[in-house]
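Participant: Got a predicted model here, sequence first, then my questions.
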Amino acid sequence: MSSSHTVAVLLDEDLLTFNRVIGVVRRRNLPVAGITVGPSGRPGQLRLTFLVTTDDANAERLLRQLEKAHGVREAQVRATTSPAVPQPSEALP
Amino acid sequence: MSEILTGAQILCCELEAAGIDVIFGYPGGAIMPFYHALPEYPGLRHVLVRHEQAAAHAADGYARASGRVGVCVATSGPGATNLVTGLATAHMDSSPVLAITGQVGRPMIGRDAFQETDIIGVTLPITKYNHLVQDVTELADRVREAIAIAQEGRPGPVLLDVPKDVQNQRAPYNPPTRPVGGPVAARPIRPLEEGVAEAARLIAEAERPLLMIGHGVILSAAYNEVRALAERTGIPVITTLLGISAFPEAHPLHLGMPGMHGEVHVNRAIQHADLIVGIGLRFDDRVTGNLAAFAPQAKIVHIELDPSEIGKNVKVALGIVGDAREVTGRLVRAVQPRQCTAWREEIQGFMRPRVESYSGDLSPEAILGAIYEATGGRCTIVTDVGQHQMWVAKHYPYQRANTHITSGGLGAMGFAVPAAMGVHLARPGEVVWAISGDGGFQMNMAEIASMVQEGLSVKMAIFNNGYLGMVRQWQQFFHEKRYSCTPIWSPDYVKLAAAYGIAGWRVEKRDELEAAVREANAERGPALVEFVIAQDANVYPMIPPGGSLSEPIEAQPAATPAS
């Protein structure tokens, strides 16, 4: 079942690594939202976070592939929230 | 003591220091400083190709045959983009290739200069690592890093983009004082001992176990360990396309290749198995067919160096991250001796007498048999992509380790001829046969000129059926026999051979076969043999794309007789 996973990636602060990481995420062709990137508090490293809506197994696969990318120091799911159960009035026909 | 060298000289020094002895390349504007320096380094043999794609495939073939890094060099722009198919092939098949590309000078980058391409951006998804060298002072370190990354863990291609002015820059240079590279341990999912003990327990409990082995066994040279595991436990062995030649074909425990064109008894064994121990493979869709119906009764133990492969395609009961040789060696010591007599008899019952699908006089099996006889099995076979590739995979009786080289994951037509040049240079004392269809051969046949110029004795076999045969087969089975754009004209290959000054044969009849193959094999230089085979030859059995391994097409569909 799909959930919303908050993925946090610690990566080297250079554009090529950033580009590589975004490429890994894009290639999985999963719905991604809320992309933010900023300082990690560690010199020379950025923190990238985003929300990905998918099942737990896919989120795990994504982490393994992110960890493989050159320049990635750490990748983890920070939080997982199940999608709200749609109310009858909101349900799709 | 350091000396002052140009960036181009530093590149050459670093390649020599890394033990590189051959590079495949093509000069051009942005890589000219490198080519200017190259004659000062006679230890670096340069092979001039006719298209940069061939340089990448040749470097890949060299890497697969030697176990060392293969190197290809190209200029910026079109030179660099022509490498792409070869790098993607190496990426899919885990082959350590270093590509060095020239780039326009740093002041011109990003201004759409002549022959400027963002090759770093282009190759990001098909390299393990790539880097635009910013200054000569970082060049030596980046070369060492790139070569190390190409080889460490799961191997793969890397690319260094070196601006022309960086190649001309001068800097003090110190040769490396210790060998560069070396494997880096993969992050374990669980302690190795615990995983091995659990795998041994699952093997002991299983009634219908299988070993399924892939390219990882060849990459780590785990031949003896896999054989010992099979013989100690009696578990039958399945070899994936890239696992072929990791286990002797004639061994009584060898079953064959699984998947889309796997033999019926192999796929049926998978569907009946209660345990599959996969070593160094990635459970590709051509192996599994419909994932939901793959091995429905089996627990899967996956031994693999790359953690991201475990659980990627199939759900595993146990994943063990590690080198195939090390983990399998430990597993051999952990398992209790057993036999799988009843299970092996059950699999024997799945075997079908092969329906001779070939209507003509000159069957693929006969051709491959003739090559085996002429070489005494002492050769490396490099295949292209398509029907001939599957015939070789199914019928060539490989007995020696790592003697089957093909483009598996990417399935790049045009691979065989240039890759065989690399194999020849990696194994100069052995015969190499490049086997292609008439489609794939015509993609890179210009490389005959490279063979002649460089004295590369590659034997080329062309299976000519006048069609893009595998696509034609799909059209026959799945596209209403509408043979759209698959008939393909060929030149007179014997005259083509003559034009290049090499020996050539055309074999149309069975009784011409042995003599032609024998003579071609005995030629001192390159040789070409065209085999004119039936147009409607198909590869059987076949699992329809997306279909279950339980539902093969075993012969010409009754409703669609051969036309």
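Facilitator: Great, that's in hand. From a predicted model like this one, the values you see are computed outputs, not experimental measurements.
Participant: Next, work out how far apart the closest residue to chain A within chain B and residue A:80 are.
Facilitator: Nearest to chain A in chain B, going by C-beta to the nearest C-beta, is residue B:308, at a distance of 3.6 Å. All C-beta atoms are positioned from the backbone trio N, CA, C, and that covers glycine. Distance check for residue B:308 against residue A:80: by C-beta to C-beta, to the nearest Å, it reads 20 Å.
Participant: Who has more neighbours out of the two?
Facilitator: residue B:308 (21 against 12; other C-beta atoms under 10 Å in any protein chain shown).
Participant: isn't the more buried one right next to residue A:68, touching?
Facilitator: Yes. Residue B:308 is within contact range of residue A:68, at 5.1 Å (criterion: C-beta atoms under 8 Å).
Participant: mind checking which helix or strand residue 58 is in?
Facilitator: Just going to use chain A. helix A:56-68 (DSSP states H and E).
Participant: please go with chain B instead
Facilitator: helix B:52-66.
Participant: Report all helices and strands that that helix contacts.
Facilitator: strand B:22-25, strand B:70-74, helix B:78-81, helix B:84-92, strand B:97-103, strand B:404-406, helix B:416-426, helix B:438-444 (3 or more C-beta pairs under 8 Å, 6 or more residues apart in numbering or on different chains; DSSP states H and E).
Participant: can you redo those as TSV with distance to chain A, mean neighbour count and mean pLDDT?
Facilitator: TSV is the format used below for the helices and strands packed on helix B:52-66 (distance: least, C-beta to the nearest C-beta, whole Å; neighbours: other C-beta atoms under 10 Å in any protein chain shown; pLDDT from 0 to 100):
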stretch	distance to chain A	mean neighbour count	mean pLDDT
strand B:22-25	23	26	98
strand B:70-74	19	31	98
helix B:78-81	16	21	98
helix B:84-92	12	26	98
strand B:97-103	14	29	98
strand B:404-406	25	25	98
helix B:416-426	25	31	98
helix B:438-444	27	26	98
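Participant: Nearest to residue B:128, out of those?
Facilitator: Checking these against residue B:128 by C-beta to C-beta gives helix B:84-92 as the closest, at 7.5 Å.
Participant: which residues sit against that closest one?
Facilitator: B:52-57, B:59-60, B:63, B:70, B:72, B:95-97, B:99, B:122-123, B:126-128, B:156-157, B:159, B:407-410, B:412, B:414-415, B:418 (C-beta atoms under 8 Å, 6 or more residues apart in numbering or on different chains).
Participant: Can I get it in PDB, CA atoms only?
Facilitator: Output of helix B:84-92 as PDB, limited to C-alpha atoms (Å, rounded to 0.1, in the frame of the first residue of the first chain):
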ATOM      1  CA  VAL B  84      27.300   6.400 -25.000                       C
ATOM      2  CA  THR B  85      26.000   3.000 -26.200                       C
ATOM      3  CA  GLY B  86      29.200   1.300 -25.200                       C
ATOM      4  CA  LEU B  87      29.200   2.900 -21.800                       C
ATOM      5  CA  ALA B  88      25.600   2.000 -21.200                       C
ATOM      6  CA  THR B  89      26.400  -1.600 -22.200                       C
ATOM      7  CA  ALA B  90      29.300  -1.700 -19.700                       C
ATOM      8  CA  HIS B  91      27.000  -0.200 -17.000                       C
ATOM      9  CA  MET B  92      24.300  -2.800 -17.500                       C
END
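Participant: Any stretches of chain A with poor pLDDT?
Facilitator: Counting by pLDDT under 70, the ranges of chain A that qualify are A:83-93.
Participant: Tell me how many other residues crowd whatever residue of chain A ends up closest to chain B.
Facilitator: Of all residues in chain A, residue A:64 sits closest to chain B, at 3.6 Å by C-beta to the nearest C-beta. Per other C-beta under 10 Å, the neighbour tally for residue A:64 reads 18.
Participant: List the residues that contact the residue nearest to it when sequence neighbours are not counted.
Facilitator: Leaving out its chain neighbours, the residue that sits closest to residue A:64 by C-beta to C-beta, 6 or more residues apart in numbering or on different chains is residue B:308, at 3.6 Å. Applying C-beta under 8 Å, 6+ apart, one finds that residue B:308 lies in contact with A:61, A:64, A:65, A:67, A:68.
Participant: 6 Å instead?
Facilitator: Residue B:308 makes contacts with A:64, A:65, A:68, as judged by C-beta atoms under 6 Å, 6 or more residues apart in numbering or on different chains.
Participant: And residue B:530, by the same measure?
Facilitator: B:462, B:464, B:493, B:506.
Participant: mind listing which of these are in strands?
Facilitator: Cross-referencing those against strands under DSSP state E gives B:462, B:464, B:506.
Participant: re the thing from before, surely the residue of chain A closest to chain B and residue B:306 touch.
Facilitator: No. Using C-beta atoms under 6 Å, residue A:64 is not in contact with residue B:306, being 8.5 Å away.
Participant: since we're on the closest residue in space to residue B:293 that isn't next to it in sequence, how many residues are nearby?
Facilitator: Leaving aside its sequence neighbours, residue B:293 sits nearest to residue B:548 (C-beta to C-beta, 6+ apart; 3.7 Å). Neighbourhood size, residue B:548 [other C-beta under 10 Å]: 18.
Participant: Residue B:141 now?
Facilitator: By other C-beta under 10 Å, 13 other residues sit near residue B:141.
Participant: Average pLDDT for the helix or strand harbouring it, rounded please.
Facilitator: In this structure, residue B:141 is located in helix B:136-151 according to DSSP H and E. Helix B:136-151 shows a mean pLDDT of 97.
Participant: residues of that helix that come out buried?
Facilitator: B:136, B:139-140, B:142-151 (16 or more other C-beta atoms under 10 Å in any protein chain shown).
Participant: and the very next helix or strand once past that helix, how far from the chain's centre?
Facilitator: Per DSSP H and E, the first helix or strand lying C-terminal to helix B:136-151 is strand B:158-163. Its chain's average C-alpha position is 23 Å from that of strand B:158-163, according to C-alpha atoms, centre = their mean, to the nearest Å.
Participant: on that earlier part again, make JSON lines out of the contacts of residue B:308 and add distance to residue B:198.
Facilitator: Formatted as JSON lines, the contacts of residue B:308 follow (distance: C-beta to C-beta, whole Å):
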{"residue": "A:64", "distance to residue B:198": "20"}
{"residue": "A:65", "distance to residue B:198": "25"}
{"residue": "A:68", "distance to residue B:198": "25"}
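Participant: And the residue nearest the centre of chain A?
Facilitator: Most central in chain A under C-alpha atoms, centre = their mean is residue A:7, positioned 3.6 Å from the mean C-alpha point.
Participant: What is the burial count for residue B:198?
Facilitator: 16.
Participant: How about residue B:192?
Facilitator: 15.
Participant: And for residue B:388?
Facilitator: Neighbour number of residue B:388 under other C-beta under 10 Å is 32.
Participant: rewinding a little: separation between the residue nearest to residue B:293 and residue B:268?
Facilitator: Counting by C-beta to C-beta - residue B:548 and residue B:268 are separated by 11 Å.
Participant: Residue B:543 now?
Facilitator: 12 Å.
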